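sequence? don't have it. structure:
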């Protein structure tokens, strides 16, 4: 099978996935972008040639830039068709959504911008670009993609351009680029985890009717983490402390059956009263990218999965002032 045939099969696969995942909130649009770019990153790591010759470096960079340009145009066109074409358009306008979902959507934006920038940087490094150019050209990739989504929102009657989203995108991009410029490594990473919650049963249209939808739409079950690498931040290089052990600080929300506020009834079904509660979680973590492995496939797999927080014991403090212990927190 040729590379072109593989690309066509991959594109068809993801178009089908996106059609099945179609929904009308921003988190799914962002997840679609990450899904495509994660696959591109894994695909590029298996197909770009590692070679120091100028000719092959230029060839790899050309292939990568051409692929990313086509991906950008294709994914933006696809997103517009899937999420915006069926909704009324309007003149460009703004929308203040900073109060939605206890800001869980904002930390989601930051995580998306962080990881897309990381993938853009690593793809350029793999193609042979130097550190500076890879950071300058690859690091802002997440901000560029997500800002384009905001522009689409600003032209759609059902949404609007959100400065809060832009600020969140800038934070995620800055977190990646700042660390890479200062330390030439990521000592603090952003991660995602999910556990089933009881709330989608009341509003499956908004919070998801099956597991894949809930993982994207149910903010009650999502946790966004800042994962701190202990050795690189606090110990010297000669320390025998394992380099893959992290300490993670998580943020989540619970009790949300609506974006800005909860409702008492939906589609004729009564919804119990729930307190909208912020949660702060402390948990050990594993940095999969620092686990020493020689197998190229396994190393790539660990890198692709590194955005997921490994389930671990956790201590939680919530906005009601209560502490709770979880032997295994997802």
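It's in. Everything quoted here is computed from the prediction, not taken from an experiment.

First-to-last residue distance for stretch 189-198?
For stretch 189-198, the first and last residues are 29 Å from each other (C-alpha to C-alpha, to the nearest Å).

got a list of contacts for that stretch?
110-111, 114-115, 172, 175, 211, 214-215, 218, 220-227, 229, 246, 248, 250, 254, 285, 287, 306-309, 311, 329-330 (C-beta atoms under 8 Å, 6 or more residues apart in numbering). Quick note: C-beta positions are derived from backbone N, CA and C, even for glycine.

same thing but at 6 Å, please
111, 114, 215, 218, 220-223, 225, 227, 307, 309, 330 (C-beta atoms under 6 Å, 6 or more residues apart in numbering).

Find the residue at the geometric middle of the protein.
residue 112 (3.1 Å; C-alpha atoms, centre = their mean).

Ramachandran angles for that one?
In terms of degrees, to the nearest 10, the main-chain angles of residue 112 are phi -60, psi -50.

Which of the three states applies to residue 181?
With DSSP: H, G, I helix; E, B strand; the rest coil as the basis, residue 181 sits in helix.

related to what we said a few turns ago, can I have the buried ones of the contacts of stretch 189-198 as a PyMOL selection?
Remark: buried members of the contacts of stretch 189-198, expressed as a PyMOL selection using 16 or more other C-beta atoms under 10 Å:
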select buried, resi 111+114+215+218+220+221+222+223+225+227+307+309
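
Out of the contacts of stretch 189-198, list just those in strands.
The strands, defined by DSSP state E, take in 222, 223, 225, 227 from the contacts of stretch 189-198.

First-to-last residue distance for stretch 96-106?
Distance between the two ends of stretch 96-106: 12 Å, counting by C-alpha to C-alpha.

One more: stretch 179-198?
38 Å.

Over to stretch 130-143?
Note: stretch 130-143 ends 21 Å apart using C-alpha to C-alpha.

And that stretch, what's buried?
Within stretch 130-143, the residues scored as buried using 16+ other C-beta under 10 Å are 134, 135, 137, 138, 139, 140, 141, 142, 143.

of all the residues you listed, which two lie farthest apart?
Among the buried residues of stretch 130-143, the pair separated by the greatest distance (C-beta to C-beta) is 134 and 143, at 15.6 Å.

Give the closest residue to residue 218 in space, chain neighbours not counted.
Excluding its sequence neighbours, the residue lying closest to residue 218 (C-beta to C-beta, 6 or more residues apart in numbering) is residue 207, at 4.4 Å.

Looking at that neighbour now. What's its pLDDT?
Predicted confidence (pLDDT) for residue 207: 94.

quick one: the strands in this structure?
For the chain, applying DSSP E gives strands covering 188-194, 222-229, 245-254, 265-266, 269-270, 277-286, 312-318, 323-329.
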